[in-house]
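S.K.: Got a sequence here, can you build the structure:
(one chain, ligands or ions: 3)
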Amino acid sequence: MLYIGCHLSASKGYKAMGNQALEINANTFAFFTRNPRGGSAKQLDVKDAAEFLEISKKHSFGKLVAHAPYTMNACSADENIRRFAIEAMVDDLVRMEATPYNYYNFHPGSHVKQGADVGIELIAQQLNEVLTTEQTTTVLLETMAGKGSEVGRNFEELRAIIDRTQLSDKLGVCLDTCHVWDGGYDIVNNLDGVLEEFDKVIGLEKLKAIHLNDSMNPLGAHKDRHAKIGEGHIGADALIRVINHPKLRGLPVILETPNDIDGYAREIEFLRKNYSE
Ligand code: FE
Ligand code: FE
Ligand code: ZN
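M.R.: Numbers count the residues shown, from 1 in each chain. Ligands and ions are numbered 1, 2, ... in the order given. Below is the predicted model:
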């Protein structure tokens with residue numbers, strides 16, 4: 001079963017996202033838990049969440065891959081920014097429990113001149129403060145392109161965060177195809193090798209979701225500019241191999257390509273056509 005979807009606007013609530021997903025033949029989706037560039041979150045509507053759960057069950061949706069705001073930086077040098085990151089994540093994880101057993105993905109952070117080691121330490125500190133044994137949500141660290149001082153630029157950095165987190169069974173990884181490509185992992189010519197490397201360094205059981213994007217830049221560019229499927233340096237064939245790879249089948253696949261909703265619908269149709277059941 002291919003679980004595929006895209007980013008949807010959360011402004012009208014969960015049920016609206018569920019219905020919009022159905023309209024574009026998606027059976028999972030991503031959404032920002034709060035304004036991606038600001039901080040405010042919508043009041044949780046429990047009835048709306050319950051109605052969404054009905055839709056999700058009826059249509060056998062895969063796991064949702066919620067996305068934390070970009071402004072969240074768990075390893076900022078500024079204590080106030082770190083405090084916001086902790087409070088926002090605590091609050092998001094409470095709201096995630098209205099739709100239990102899904103995923104909450106976040107960018108580990110940017111260490112801004114403090115060095116990756118300090119960054120890793122601060123991110124793990126945040127996770128140790130936030131994660132609880134009761135939560136049903138799995139928090140995903142996103143693989144990053146290595147733009148600027150991003151932490152998570154390679155598998156080793158993600159592993160180091162996981163190793164320093166007490167409740168690491170609440171952690172997983174979301175592999176972004178544009179980001180790993182920009183990070184120097186050749187998923188075009190050596191997807192098997194990249195997945196072997198992932199398995200060796202992190203463990204494939206930690207891989208929970210895929211962000212499926214083409215890249216406007218060549219391998220190792222560390223740029224992070226997403227392209228539409230087939231319009232970048234990764235290309236449609238390599239991305240089709242990703243969704244069909246035996247070790248990746250069944251994971252929720254989220255498109256983050258520069259598209260409007262019709263463009264997403266076309267990409268979903270294209271990828272479904274190129275998926276072998
Ligand atoms: Fe992301
Ligand atoms: Fe992504
Ligand atoms: Zn990106």
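
S.K.: For the rest of this, base every contact and every neighbour count on C-alpha atoms.
M.R.: OK.

S.K.: wait, doesn't residue 147 sit right on residue 223?
M.R.: Yes. The pair residue 147 and residue 223 passes the contact test of CA atoms under 8 Å, sitting 5.5 Å apart.

S.K.: who's more crowded, those two?
M.R.: residue 223 (21 against 16; other CA atoms under 10 Å).

S.K.: Name the nearest residue to residue 82, sequence neighbours excluded.
M.R.: Leaving aside its sequence neighbours, residue 82 sits nearest to residue 74 (CA to CA, 6 or more residues apart in numbering; 5.2 Å).

S.K.: where in the stretch 1-150 of the chain is pLDDT low?
M.R.: Across the stretch 1-150 of the chain, residues meeting the criterion (pLDDT under 70) sit at 38.

S.K.: Let me see the ranges of the strands in it.
M.R.: Per DSSP state E, counting those that start in this stretch, the stretch 1-150 of the chain carries strands over the ranges 4-6, 65-67, 103-106, 109-110, 138-142, 150-151.

S.K.: who wins for proximity to residue 41 among those?
M.R.: For those, the distance to residue 41 is smallest for strand 65-67, at 12.5 Å, taking CA to CA.

S.K.: Between the strands of the stretch 1-150 of the chain, which one is closest to residue 206.
M.R.: The minimum distance between residue 206 and those falls on strand 138-142, with 9.0 Å, by CA to CA.

S.K.: Quick one: list the elements packing against the biggest helix by length in the chain.
M.R.: Counting residues, the longest helix found in the chain (DSSP state H) is helix 79-96. If contacts are counted by 3 or more CA pairs under 8 Å, 6 or more residues apart in numbering; DSSP states H and E, helix 79-96 sits against helix 116-130.

S.K.: re the thing from before, which of the strands of the stretch 1-150 of the chain is buried the deepest?
M.R.: Mean neighbour counts were compared across the strands of the stretch 1-150 of the chain using mean count of other CA atoms under 10 Å; the top stretch is strand 4-6, at a mean of 29.

S.K.: That one - contacts with which helices or strands?
M.R.: The elements that strand 4-6 packs onto, with contact taken as 3+ CA pairs under 8 Å, 6+ apart, are strand 253-255, helix 261-273.

S.K.: quick one: strands adjacent to that strand?
M.R.: strand 253-255 (parallel) (DSSP bridges).

S.K.: Need the contact partners of the strand it pairs with.
M.R.: For strand 253-255, the surrounding residues in contact (CA atoms under 8 Å, 6 or more residues apart in numbering) are 2-7, 28-30, 65, 209-213, 243, 264.

S.K.: Equivalent analysis for stretch 102-122, please.
M.R.: Contact with stretch 102-122 is made by 63-70, 72-77, 93, 96, 123, 136-144, 148-152, 157, 160-161, 164, 174, as judged by CA under 8 Å, 6+ apart.

S.K.: Counting neighbours, what do you get for residue 40?
M.R.: Using other CA under 10 Å, residue 40 has 12 other residues around it.

S.K.: That one: what's its closest spatial neighbour, skipping adjacent residues?
M.R.: residue 34 is the one closest to residue 40 (CA to CA, 6+ apart), at 5.7 Å.

S.K.: Then residue 133?
M.R.: In space, residue 133 is closest to residue 167, 7.2 Å off (CA to CA, 6+ apart).

S.K.: what's the spacing between that neighbour and residue 127?
M.R.: Plainly put, residue 167 is 8 Å away from residue 127 if you go by CA to CA, to the nearest Å.

S.K.: Pick out whichever of these two has more residues nearby.
M.R.: Comparing residue 167 with residue 127 by other CA under 10 Å, the one with more neighbours is residue 127, at 24 against 15.

S.K.: hey, where'd the strands end up in the stretch 151-277 of the chain?
M.R.: 171-176, 207-212, 214-215, 226-227, 253-255.

S.K.: can I get these in a markdown table with mean pLDDT and mean neighbour count?
M.R.: Output for these, formatted as a markdown table (pLDDT from 0 to 100; neighbours: other CA atoms under 10 Å):
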| stretch | mean pLDDT | mean neighbour count |
| --- | --- | --- |
| strand 171-176 | 98 | 24 |
| strand 207-212 | 98 | 24 |
| strand 214-215 | 98 | 28 |
| strand 226-227 | 98 | 21 |
| strand 253-255 | 98 | 28 |
